[in-house]
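[1] let's see this in three dimensions:
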Amino acid sequence: MAGPQEPPLSAREKIARLRETFVAQLPERIAQMRILFDRLRVVPSDQAAAADLHRLLHNIKGTGRSFGFHQLGAAA
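    Take a look at the predicted model:
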């Protein structure tokens, strides 16, 4: 017989979990940005690296602000 099911998460709890995931992923995203930036310093014409860096920065800017990290969003 299965145990009792957990009640569904509230909207606030869901947002808190998403925020935690965003924060947990920041070190990896920053590392990726450093790699892309270094690549662009060596090969400034690398359009793929430029597009990937832009995408990461844009994502951090928008998502960071959505979760209340306004200074991070402004820096990105």
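[2] please make it C-alpha for all contacts and neighbour counts, starting now.
    Fine.
[3] what stretches of the protein score poorly on pLDDT?
    1-4 (pLDDT under 70).
[4] could I get the full set of helices for it?
    For the chain, helices defined by DSSP state H occupy the ranges 11-42, 47-66, 70-75.
[5] nearest the geometric middle of the protein, what residue?
    For the chain, the residue nearest the mean C-alpha position is residue 60 (4.7 Å; C-alpha atoms, centre = their mean).
[6] residue 76 versus that one, what's the distance?
    7 Å (C-alpha to C-alpha, to the nearest Å).
[7] was I right about residue 49 contacting residue 40?
    Yes: at 6.7 Å, residue 49 counts as touching residue 40 under the criterion of C-alpha atoms under 8 Å.
[8] coming back round to it: please identify the most buried of the helices of the chain.
    Comparing those by mean neighbour count (mean count of other C-alpha atoms under 10 Å), helix 47-66 comes out on top with a mean of 16.
[9] which elements pack onto it?
    The contact analysis (3 or more C-alpha pairs under 8 Å, 6 or more residues apart in numbering; DSSP states H and E) places helix 47-66 against helix 11-42, helix 70-75.
[10] rebuild the ones you listed as JSON lines, extending it with distance to residue 53.
    Converted to JSON lines, those look like this (distance: least, C-alpha to C-alpha, whole Å):
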{"stretch": "helix 11-42", "distance to residue 53": "6"}
{"stretch": "helix 70-75", "distance to residue 53": "14"}
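[11] of the ones you listed, which is nearest residue 5?
    Of all the helices and strands packed on helix 47-66, helix 11-42 sits nearest to residue 5, with 16.8 Å by C-alpha to C-alpha.
[12] tell me the angle of the closest one relative to helix 47-66?
    150 degrees (axes from the mean of the first three to the mean of the last three C-alpha atoms, to 10 degrees).
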